[in-house]
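Colleague: Prediction below, plus the sequence it came from.
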Amino acid sequence: MKKIKSICSIAALLTILLMAVACERKFDGLQLATYPTTPEVFVDGFSSGLYYAAYGTSKVTAFSVDYNVKYLGVAAMKFEVPDTSDPNGSYVGGVFGTNPGRDLSGYNVLTFWAKASEPATIIEVGFGNDMGASKYKVTLTNLAVNSNWMQYYIPIPNPSLLKEERGMFFYAAAPKNGRGYTFWIDDLKFEQLGTVAHSTFGILNGNDSIKDNAETGDVFIITNMYATYNLPTGINQNVGLAVSYFTFTSSNPSVATVDDFGNIEIADSGSAVITAKVGDTDAEGSLTIYSTGQSVGPTSLPPAPTIDPAKVISLYSDAYTNVKVDTWNTHWLYSTAQNMEIQIDGENVMHYWDLNFVGIEFTSQPIDATAMTHFHIDIWTPNPTTDKTFKIKLVDFGANGELGGGDDSESEVTIASPPLATQQWVSLSIPLSAFSGLLSRSHLAQLILSGDLPNVYTDNVYFSDNGTQPTEPTTAAPVPTFSSADVISVFSDHYTNLAGTDFYPDWGQATIVSEVLIAGNNTLKYKGLNYQGIQLGTNLNVSAMGYLHLDFWSVTSVSLNVFLISPGPVEKAYTLTVPTTGWTSVDIPLSYFSTVDLTNVMQFKFEGNGDIFLDNILFHK
């Protein structure tokens, strides 16, 4: 019996093996699954498998089927755009998709007829939005419609790619001047037309762009991709294209690589040109990159914060527990800024490059900084800082905690050099009173960084309560020790001042000027400075002098420049470091003002913000 069982087992095994071989041969002959080629999307009704999905924030009931107004047949698609104030949604938009997908490779254009209750502009229409990756999306923007039926065309750039497309049509429309209207679409279908021709394609709006001073590790993205077609109407029409229609090439991958999604990464120093094709057709536009190679960045951390955590609201710092920040780069329109978090000595630092301006948002949980006194940020830049600025803007969304509503406010401060410096950490502790345009600090929701420094590293971004500080000096400015014979004094209790000087000439300034006693010493006070002039009693020849001296004090200013002015006018500014800790005395070499005629100085000008106290304004040898 054992022998018979063994023979049966072997026979069974052979049978299984033979079946496996047979099955394998059978599967070799199978064809890949095919998809329907149905061209109709909506012709008197939904085509097979079609469904509608409204955008979540739109008015979801805006779409319906209209059996009274139509172009042909018995029905048309009807879209009722609401008024701006409609509580159910202030715009309409959605996607018409199909499941399963369709093979559209035999067509070259999506056509439809449309009209509206009044002349209007539909924000966008198109196909390829599949509510997912939308790899082959094509968008026609600003579609003009009126009360007459007209036919419209949306060409397919490379039909061979659309073998299983699910996104048949999408649209978005907003009220016109706040008021709603209705539009209709009919006979929506894909076609093969020989009258859609002369296609051209482009990237970067067709421009040959240049990127200088790129660095190893930088990442850039190809944008503004389009196609242009000559339509049966004779006009040339532009449509926006998804990146997947394009094939990208780098002339020098050792310098810059580019992937299928138009993401460029800098690999080394040198130059490279990024170009693109759609199928076998060259696209207009290119990006030439000049890379300096390995980036110059900080090798050490900024000074560690020492303020008690109980007195800090931190957005970004390893020294504190941070509040929620929704994004460190909003990528707003026209912002070129890119960002990446790096580590130095095991701690996080945020790096911005290509910085023109960048939005940082914490709108989901606005910050109440009412009890705080200062805004702090540490910055490091490899860029030259002479005659450059770094700007910080705070935005408060007002009592309703939302953008809009008429109660928002914002204010910006500008930092110059000094204190800006190249290749060293600069700690900026800015009095919140310097953000004088803020009506409230209880719903801060946005921080915006901008200026002339394209490459900036940041750390320790927080609000803090630095305790109560005096708003004006309690001690007089230091007594100057220069010999009277070596001084031409404009304002000082310790020398004979130039007669006839006007300390408040009417130049249209907003500054409030007064002369106050500080510890018995006459002192100039500039309250709410924007700019302020001093008209000398007589023009001065200071060419034999060596320095301009002055003492200044401020806890609310973050920007302060002093100008010398000669006829012309010819002027030159010197940047003073503010805020101060007590009185600051400065002696500025007159050689710095070399463009000014030092034999004929007629005016001073102070420019900046906050409240400023000045004393001992004089020239000395």
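Modeller: Perfect, I can see it now.

Colleague: quick one: the helix or strand where residue 274 lies to chain centroid distance?
Modeller: In the assignment (DSSP states H and E), residue 274 maps to strand 270-278. Here strand 270-278 is found 25 Å from its chain centre; the criterion is CA atoms, centre = their mean, to the nearest Å.

Colleague: Run me through the strand neighbours of it, direction for each.
Modeller: Looking at strand 270-278 with DSSP bridges, its partner strands are strand 247-250 (antiparallel), strand 281-282 (antiparallel), strand 286-293 (antiparallel).

Colleague: which one of these is the most hemmed in?
Modeller: strand 286-293 (a mean of 19; mean count of other CB atoms under 10 Å). Bear in mind the C-beta positions are built from the backbone N, C-alpha and C, glycine included.

Colleague: Check which residues of stretch 76-83 are buried.
Modeller: For stretch 76-83, a neighbour-count test (16 or more other CB atoms under 10 Å) marks 76-82 as buried.

Colleague: Narrow those to those in strands?
Modeller: Of these, the ones assigned to strands by DSSP state E are 76-81.

Colleague: So residue 407 is in contact with residue 398, correct?
Modeller: Yes - assessed by CB atoms under 8 Å, residue 407 is found in contact with residue 398 at 2.9 Å.

Colleague: what's the overlap in contacts for these two?
Modeller: Common contacts of residue 407 and residue 398 (CB atoms under 8 Å, 6 or more residues apart in numbering): 439-440.

Colleague: least trustworthy helix or strand in the chain by mean pLDDT?
Modeller: helix 2-28 (a mean of 38; mean pLDDT, DSSP states H and E).

Colleague: hmm, who's touching the helix or strand following that helix?
Modeller: In the C-terminal direction, the helix or strand that comes right after helix 2-28 (DSSP H and E) is strand 40-42. Applying CB under 8 Å, 6+ apart, the external contacts of strand 40-42 come out as 47, 50, 77, 96, 110, 168-169, 185-190.

Colleague: Let's have the buried residues of stretch 76-83 in JSON lines, adding distance to residue 317.
Modeller: Compiled in JSON lines, these are given as follows (distance: CB to CB, whole Å):
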{"residue": "76", "distance to residue 317": "59"}
{"residue": "77", "distance to residue 317": "54"}
{"residue": "78", "distance to residue 317": "55"}
{"residue": "79", "distance to residue 317": "50"}
{"residue": "80", "distance to residue 317": "51"}
{"residue": "81", "distance to residue 317": "47"}
{"residue": "82", "distance to residue 317": "45"}
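
Colleague: Show me the shaky parts of the stretch 151-300 of the chain.
Modeller: Of all residues in the stretch 151-300 of the chain, none has pLDDT under 70.

Colleague: Recalculate using a threshold of 90.
Modeller: Residue ranges of the stretch 151-300 of the chain with pLDDT under 90: 194-199, 211-221, 231-235, 279, 292-297.

Colleague: tell me which residues in the strand holding residue 274 are buried?
Modeller: Result for strand 270-278 [16+ other CB under 10 Å]: buried residues 270, 272-276, 278.

Colleague: Quick check: the farthest pair among those residues?
Modeller: 270 and 278 (27.7 Å; CB to CB).

Colleague: Give me the neighbour count for residue 133.
Modeller: Using other CB atoms under 10 Å, residue 133 is surrounded by 10 other residues.

Colleague: I'd assumed it was in a helix, is it?
Modeller: No - in this structure, residue 133 is coil, not part of a helix, as judged by DSSP: H, G, I helix; E, B strand; the rest coil.

Colleague: got the strands paired with strand 270-278 as JSON lines, with distance to residue 544 columns?
Modeller: Shown next, in JSON lines, are the strands paired with strand 270-278 (distance: least, CB to CB, whole Å):
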{"stretch": "strand 247-250", "distance to residue 544": "62"}
{"stretch": "strand 281-282", "distance to residue 544": "69"}
{"stretch": "strand 286-293", "distance to residue 544": "46"}
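
Colleague: For residue 117, find the nearest of those strands.
Modeller: Nearest of those (CB to CB): strand 281-282, 40.3 Å.

Colleague: Can you list the neighbours in contact with that closest one?
Modeller: 199-201, 275-276.

Colleague: How about stretch 181-191?
Modeller: 39-43, 66, 69-73, 75-81, 104, 107-118, 120, 122, 145, 149, 156, 169, 171, 173, 175.

Colleague: picking up where we left off before, using CSV, lay out the buried residues of strand 270-278 together with distance to residue 586.
Modeller: Converted to CSV, these look like this (distance: CB to CB, whole Å):
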residue, distance to residue 586
270, 45
272, 48
273, 50
274, 49
275, 54
276, 55
278, 62
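
Colleague: Let me know the closest of those to residue 528.
Modeller: The closest of the buried residues of strand 270-278, once distances to residue 528 are taken by CB to CB, is residue 274, at 50.2 Å.

Colleague: got the contact list for the nearest residue to that closest one once chain neighbours are set aside?
Modeller: Once flanking residues are discounted, residue 274 sits nearest to residue 287: 4.4 Å by CB to CB, 6 or more residues apart in numbering. Shown here is residue 287, whose contacts under the criterion CB under 8 Å, 6+ apart are 203-204, 209-211, 220, 222, 264, 273-274.

Colleague: can you count the residues close to residue 484?
Modeller: Per other CB under 10 Å, the neighbour tally for residue 484 reads 10.

Colleague: how about it, phi and psi?
Modeller: phi -60, psi -30 (degrees, to the nearest 10).

Colleague: same check, this time on residue 225
Modeller: Residue torsions, per degrees, to the nearest 10, at residue 225 are phi -100, psi 140.

Colleague: from memory it sits against residue 245, does it?
Modeller: Yes - the pair residue 225 / residue 245 is scored as a contact, 7.4 Å apart, by CB under 8 Å.

Colleague: any common contacting residues for those two?
Modeller: residue 201.

Colleague: Identify the residue nearest residue 388 in space, chain neighbours excluded?
Modeller: Nearest non-adjacent residue to residue 388 (CB to CB, 6+ apart): residue 452, at 4.0 Å.

Colleague: Residue 384 is in contact with the one you found, correct?
Modeller: No - using CB under 8 Å, residue 452 is not in contact with residue 384; the gap is 9.5 Å.
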